[in-house]
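In: This is a predicted model, with the sequence first.
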Amino acid sequence: MVNPLAILGTPTRVYKRHQPGARYFGCGERTGELEKTGTHQLFWNIDPPRGHTALQNNLYVSIPFTMVMADGQAWGLFLDSPARVEFDLAHEDPQRSWFGAENGDLVYYVFCGPTPQAVLERYTELTGRTPLPPLWSLGNGQSRFSYETAEEVRALARAFRERDIPCDTLYLDIDCLDGYRVFTWDNTRFPDPEGLLSELREMGFHVVCIVDAGVKVDENYEVYTEGRERDLYCKTPQGDDYQNAVWPGVCVFPDFTNPQARAWWGDLHQGLLDAGIMGIWSDMNEPALFIPLNSTMPSDVIHPGDGKARLHTQVHNAYGSLMVQAAREGLLRLQPQQRPFVISRSGYAGVQRHALIWTGDNSSTWEHLAMSLTQLLNLGLSGVGWAGADVGGFYGDTSGELLTRWTEFGIFQPFCRNHSEKQTRHQEPWVFGEPYTSTIRDLLKLRQRLLPYLYTLFEECHHTGAPLLRPLFWHYPEDTDTYGASDQFLCGDALLVAPITHPGAEYRHVYLPAGTWFHYWAGERFEGPAHILAHAPLGQPALYIRANTAIPFWPAMNYVGQAPADPLTLILYPASGSGNAALYEDTGDGYAYIEGEYARRTILCECDEKQIRVILGEQEGTFVPTCQRLHLELREVLTTPAEINLDDQPIAWYYDHEQRRVSINLAATANEQTIEVLFA
Ligand code: GLC
């Protein structure tokens, strides 16, 4: 027989002179430093070996895109090939970069910028943007491989509520399945899934269930026989269904390049939805295979597709994206009124349209905590704004300190979920006792309070492709001192976060870019650019708020919808100058916002020595927020105001000397409101 790989032709390669001063970022899901100048990057999705280090170059997701910064200006390059791709970013030769694909046509795009925002806006115009998530999915999530029985899940749910620790979402890993067969239930351990899920729903939880790519070969298993009858699996060159081992034993693999296979797979989710499952966790979709361990499909496996067969090597990196496309489209068909929640381990450029990415099997080590920062930043720079790493670490045993420090970072991750492997020490928030339990509780409450801020950022991401977590240069491209900052980031434009990633450390260096910044916990004021030493004891991550930028806070809750989000507090640190913030609200699920049922307003703050003026802009959109009261809290105001007016009329206010805070209560209205705080 002819070797099928012989048809592929020669690899493509494009050489470019390395522009002096150009610095590379992005490249999708990467650990190691934020900056990729001088490195060689491989794009080939794998399930990396357990305990991988920052030396591991390619991981589960491949996005052959780089954002380049040179002299304060940004541009981007995307090589569109789901085959094996390499970027040499002035590594082999400092004067030269090259990029190329192992097979297929040479298709690449250059995005001119000149700002990072403009590059991502155009890149995501091409590859697609993150859909608006259901609001509940932004809350805290708890997972483990696995909570093995319905009783264990119930006890877990009760433990969260009894201990007053926020949690919106619980995850069911493969042990809920019948012999790891996807789309089934283990009837002994989960005898009544509908009953269990409706009980959990009553308690305010949403439950997400895992769906792996491999389908167990078993004549008595309908999913397997149906897929075989419809001829929807990947093939060997000899024309048999390709088989390899994964969790359930010998499996076959749907050919997700085939639209019929995607439609079939999407419809299979009906049973899970009927039981009350609210989200789908698509896993092992590189695809990951066990023979040999950590391998993926051989290059000559055939994807029959929709009549146009391709070799696996031609489409490898797209397999995970196509699987979650099937899941998302299925959920949209089956319950069109709800926003699908799909989480994926693997993906290719554009995966953000279908699913969020979680960064797979990390380890419970300080090194992995530090690595996950750059991993999420580079994912964000590559179009995947909705992402998160397993809080506490997956492999190995975490400790109270590591879990707490990890939670300090986790509460700013767009996706916040604690997950750990079988046989490791449990790592639910209360396992390590005090002071960890209370500290984690407070941190998760802070996340829950920040949901209106995060949701507003999600809406921006949905419209413009801007990630939620941003490297400093995103907003300060002219300041080249920011380019190397791998260990701190901006969450939106108003929060600067510098996590502690070493045991025993309470202090760390922080770089504050230009402008006025306030330390969230102590209120200390800083003028950037400045290198400072931050004190960050356990539970108080180094968090700085940009002056004049209002941050919306909800009252503390343990899950979305526990109580009306009333009042909405706007926390603002005024300082000479001006700043702008946005607030976006809608029904939190469904698609009414497309018809205009949303509420967007801007909050402008202008200050000088004589006055602080806050203008709550007129609401755009028809959504009526449930909140009746608005609480404006001006922090670090050093002198008592002489007078405060709302639209030129005096109003009641309160000044707290000790806290240096001005508090003003306002009735929520869709109209513009101007608040003037005057000093003598
Ligand atoms: C994979 C996933 C992990 C999951 C496990 C069992 O290793 O990455 O999150 O717990 O499979 O399903």
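Out: Received, thanks. Residues are numbered from 1 along each chain as shown.

In: any idea how far the nearest residue to Leu55 once chain neighbours are set aside lies from the ligand?
Out: Computed as CB to CB, 6 or more residues apart in numbering, the closest residue to Leu55 that is not its neighbour in sequence is Gly32, at 7.6 Å. Heads up, the C-betas are built off the backbone N, CA and C, glycines and all. Computed as CB to the nearest ligand atom, to the nearest Å, the Gly32 to the ligand distance reads 20 Å.

In: likewise Ala563?
Out: Plainly put, Ala563 is 32 Å away from the ligand if you go by CB to the nearest ligand atom.

In: That residue - that's part of a strand, no?
Out: No. The assignment for Ala563 by DSSP: H, G, I helix; E, B strand; the rest coil gives coil, which leaves it out of any strand.

In: confidence score at Ala349?
Out: Confidence at Ala349, expressed as pLDDT, is 98.

In: Cross-check the contact I'm expecting between it and Val384.
Out: No. With contacts defined as CB atoms under 8 Å, Ala349 does not count as touching Val384, sitting 9.2 Å away.

In: Please enumerate the shared neighbours of those two.
Out: Counting by CB atoms under 8 Å, 6 or more residues apart in numbering, the common neighbours of Ala349 and Val384 are Gly28, Ile63.

In: which SSE is the residue nearest to Leu55 in?
Out: With secondary structure defined by DSSP states H and E, Gly32 is part of neither a helix nor a strand.

In: State the number of residues packed around whatever residue of the stretch 51-200 of the chain ends up closest to the ligand.
Out: Taking CB to the nearest ligand atom, the ligand has its nearest neighbour within the stretch 51-200 of the chain at Phe145, 3.3 Å off. For Phe145, the neighbour count with other CB atoms under 10 Å is 18.

In: which residues does it contact?
Out: Taking CB under 8 Å, 6+ apart as the contact definition, Phe145 lies against Asp173, Ile174, Asp175, Phe394, His419, Ser420, Glu421, Lys422.

In: overlap between those and the residues near the ligand?
Out: Of the entries in the contacts of Phe145, those that also sit close to the ligand under the rule CB under 6 Å from any ligand atom are Asp173, Ile174, His419.

In: so which of those residues comes closest to Leu120?
Out: Among those, His419 lies closest to Leu120 (CB to CB), at 28.3 Å.

In: phi, psi of that closest one?
Out: Phi and psi for His419, reported as degrees, to the nearest 10, are phi -150, psi 140.

In: got the contact list for it?
Out: Residues counted as contacts of His419 (CB under 8 Å, 6+ apart) are Ser143, Arg144, Phe145, Tyr171, Trp358, Asp390, Val391, Gly392, Phe394.

In: before we move on, what about Gly393?
Out: With CB under 8 Å, 6+ apart, Gly393 has these contacts: Asn362, Ser363, Ser364, Thr365, His368, Leu369, Leu402, Trp406, Ser420, Gln427.

In: So what does it look like in phi/psi?
Out: Torsion angles, degrees, to the nearest 10, at Gly393: phi 90, psi 150.

In: Ok, His206 next?
Out: His206 has phi and psi values of phi -110, psi 140 when expressed as degrees, to the nearest 10.

In: Tell me who's in contact with the closest residue to it other than its chain neighbours.
Out: Using CB to CB, 6+ apart and skipping residues adjacent in sequence, the residue nearest His206 is Met278, 4.1 Å away. With contact set as CB under 8 Å, 6+ apart, Met278 has these partners: Trp136, Thr169, His206, Val207, Val208, Phe341.

In: Quick check: the gap between the fourth one and Val497.
Out: Val207 sits at a distance of 30 Å from Val497 (criterion: CB to CB, to the nearest Å).

In: low-confidence ranges in this structure?
Out: Across the chain, the ranges flagged by pLDDT under 70 are 1-2.
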